[in-house]
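Enquirer: A structural model of the following input is requested.
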Amino acid sequence: MTSPGIVKLESPYSFSGTVQRLLDAFAEKNIRVFATIDQQAEARAAGLSMPPTTLVIFGNPKSGTPLMLANPEVGLDLPLKVLVCESRPGTTVVMFVSASEIIRRHALSPELTSNIQPAEHLVRGVLGQA
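Expert: Take a look at the predicted model:
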């Protein structure tokens, strides 16, 4: 089950390969990666177990700032995030909030979609689903 506004894509690559491909694509496009959180390691540190799961927080202030100026609440969704997890052994899933959902959720002008839509296309392209 996927929540409304969440895009969920199966990756044709391994978990670690998917994470690395995303990081490489962001670097190639000069998109800043603010943090990479290994949630499996954090769970392990808390004495819990979970499948491989990594959250990548990324963005471009030139693109995101106009959205935050239009409605500061969008800062709850920015920087953008992509979650990579191994949903079952050998199956890697990539999830993110769609650009259209962010625009809708914060009642932003549809023209601002073009500020964040390229990131969605980039993630899809990395997975061969452009």
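Enquirer: The most far-flung residue of the chain relative to its centre in helix, strand or coil?
Expert: Distance from the C-alpha centroid of the chain peaks at G47, with 26.5 Å (CA atoms, centre = their mean). Following DSSP: H, G, I helix; E, B strand; the rest coil, the label given to G47 is coil.
Enquirer: now the helix or strand hosting R124: mean pLDDT?
Expert: Per DSSP states H and E: R124 is located in helix 113-126. When pLDDT is averaged along helix 113-126, the result is 96.
Enquirer: SS state for the residue positioned nearest the centre of the chain?
Expert: Among the residues of the chain, the smallest C-alpha distance to the mean C-alpha position (CA atoms, centre = their mean) belongs to V82, namely 1.9 Å. The three-state label for V82, taken from three-state DSSP, comes out as strand.
Enquirer: so it makes contact with F96?
Expert: Yes. V82 lies in contact with F96 (CB atoms under 8 Å); the separation is 4.7 Å. All C-beta spots, glycine's among them, are computed from the backbone N, C-alpha and C.
Enquirer: contacting residues around L108?
Expert: The neighbourhood of L108, defined by CB atoms under 8 Å, 6 or more residues apart in numbering, consists of 67, 70-71, 74, 102.
Enquirer: where does M1 land on pLDDT?
Expert: Predicted confidence (pLDDT) for M1: 67.
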